[in-house]
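Chemist: Need the 3D shape of this:
(chains A and B)
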Amino acid sequence: MPRIIMHLDMDSYFASVEQQATPSLRGKPIGVTGKPHERSIIVAASREAKACGVKSAMPNWEARRLCPHLTLVSGKAERYIAITKRFLSILKRYSPVLEVFSIDEVFMDVTQEARRYGGAGAMARAIKNDFRNTLGEYITCTIGIASNKAFAKLIAKRYKPDGIGELQDEEIPALLEETPVDDICGIGRRIEARLSKVGIHTLADLGRESTRYLKQEFGVYGLFLKEIGQGRDPTPVIPYTTAAPVKSVGHSKSLPPQLRSFDLALLVLRGLCDRVGRRMRKLGYVGHTIYFGFRVEGLGPHYGKQITLPFATDDGEEIYQACLTIHRKMSAQPSSVSQVGVSVRNLTEKQETPEYLLEDDRHRERLNNAIDRIRDRFGERAIVTGETLLFDAIPEHVGGFSQGEEWEF
Amino acid sequence: MYQSVEEPIDAYVLYKRGASHPILRSFRWGTRRFDVTATNLVHPEREGQTVFICYAVSCGGNNFRIRLNTNRCLWILDAIDVEG
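Modeler: Have a look, this model is predicted:
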């Protein structure tokens, strides 16, 4: 029995939510941004703004140049997360095999359930109707239906906005002939360039290439490419109930021009380490490997290095000290940086690690636990280390979006 | 564009069976009463342990943002859409 996979993609999601909340923004070109400031970027553009050429990740100044009447709106992650939770609760009523792909994209395996609604198309219409009644008329979605995930996503992209696209198996050969390889999620610019060099431009070209060659060029990924080229994608829909293990916890931050000296960047880094430690304690992990990276000013190269500690940690100060050690070992010692980042990898569940033996370590753990309790009760900024006060001031200047938010569905 | 107000208001609400939040029917700001004609969006927000329920509502041609502090049962008019 062939699978029936739905890919549901919210249309101009953040912008639609803002237009739903504020009727005076409806029908106007709007851009959701971190801070409505020239240095910030567009996180999401409304349909009207997209029609003027405004795209996600475009700097605000460029978006304003393309669309002089663009209204910039400060995004509020909590609002979008709340709406996502609401539409997920609707979707869970339709199928339990539901994979949350991102804050505004979901895959559903409806092979068993579609018949109950009179087919996948009718089911998709019922979902859209439920969305309209529960979320509001302005928050719409596009649904792609196919026998696998890659093609459900592909077909959804072609029916945007507010559409339903259903791909029948007999339509696949024609689709393969006309679809460029980079239209498939997972085939990026680099792979597309490598394929293009050997004359592979469409999915059908990919399907005609030998498995041996693709495996030799791309390793195991080549087998996936071959399947895609033949209109297949065996990737299963991973239900939301199967939590993916956390592989790393990290934060990075772009710096405003007045904070780009390396010494000030280190203070920002201190704040980032504090946030990483806090998140790790919330998730219940400790980590051995610390990665520290920075970008030299003016979109220069990115430098990064990691070290593995002899002990696992979830303490912001220890993570920070490890970053300083990494920095001392690095060959690049720039005077000015535009971005700093830190992540902790090689994670272990804290409950599986032995208790601290030394009193200093126990003291640090008790202190962190006390700080966490204060933050849980009074908010993240209720208690901070002195150095991080500078870090907390940064969002006033640049367009940080979703600062320190956890997206847990 | 919203203009910040941050003033307490009296709210007339309906606690509907099965609803996750009270339904705002009308509110009094100063001496004026506004009847809610459309609830555009409702979502919760959290600050520490305090949960706020945020309402984006329209009253006739005016748009308002209103917040309920669920710990203190306090209704606040957050902002008015001056273009609304």
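Chemist: So the residue most central in space within chain B: helix, strand or coil?
Modeler: Central residue of chain B (Cα atoms, centre = their mean): B:I66, 2.7 Å from the mean position. Assigned with DSSP: H, G, I helix; E, B strand; the rest coil, B:I66 falls in the strand class.
Chemist: Quick one: residues contacting it.
Modeler: Neighbouring residues of B:I66 by Cβ atoms under 8 Å, 6 or more residues apart in numbering or on different chains: B:9, B:11, B:24, B:27, B:54-55, B:57, B:75-78. From N, CA and C alone the C-beta is placed, and that goes for glycine too.
Chemist: ok, now A:G121?
Modeler: Counting by Cβ under 8 Å, 6+ apart, A:G121 touches A:145, A:164, A:166.
Chemist: So which residues make contact with the strand or helix carrying the first one?
Modeler: It stands for A:I145. Applying DSSP states H and E as the criterion places A:I145 in strand A:141-146. Residues outside strand A:141-146 that contact it (Cβ under 8 Å, 6+ apart) are A:4-11, A:87, A:120-121, A:124, A:127-128, A:131, A:151-167.
Chemist: Could you give the average pLDDT over it?
Modeler: Strand A:141-146 shows a mean pLDDT of 96 in the predicted model.
Chemist: in its sheet, what does it sit against?
Modeler: Taking DSSP bridges as the criterion, strand A:141-146 sits next to strand A:5-10 (antiparallel), strand A:164-166 (parallel) in its sheet.
Chemist: Show me what the helix or strand just after the longest one is packed against.
Modeler: Looking back up the chat, that one is strand A:5-10. On the C-terminal side of strand A:5-10, the nearest following helix or strand under DSSP H and E is helix A:13-21. Where contact means 3 or more Cβ pairs under 8 Å, 6 or more residues apart in numbering or on different chains; DSSP states H and E, helix A:13-21 is packed against strand A:30-33, strand A:42-45, helix A:77-94, strand B:38-47.
Chemist: From the chain's centroid, how far away is the first one?
Modeler: Read it as strand A:30-33. Here strand A:30-33 is found 18 Å from its chain centre; the criterion is Cα atoms, centre = their mean, to the nearest Å.
Chemist: The residue nearest to the centre of chain B bridge partners, please.
Modeler: On the basis of DSSP bridges, B:I66 is bridged to B:Y55, B:L77.
Chemist: For it, give its distance to B:V5.
Modeler: 10 Å (Cβ to Cβ, to the nearest Å).
Chemist: ditto for A:Q168
Modeler: Relative to B:V5, and taking Cβ to Cβ, A:Q168 is found at 55 Å.
Chemist: Setting aside sequence neighbours, what's the nearest residue to A:D205?
Modeler: Spatial nearest neighbour of A:D205, chain neighbours left out: A:G199 (6.9 Å); criterion: Cβ to Cβ, 6 or more residues apart in numbering or on different chains.
Chemist: On the pLDDT front, check the one you found for me.
Modeler: 89.
Chemist: Then B:T50?
Modeler: B:T50 is assigned 89 on the pLDDT scale.
Chemist: For it, give me its contacts.
Modeler: Applying Cβ under 8 Å, 6+ apart to B:T50 gives the contacts B:69-71.
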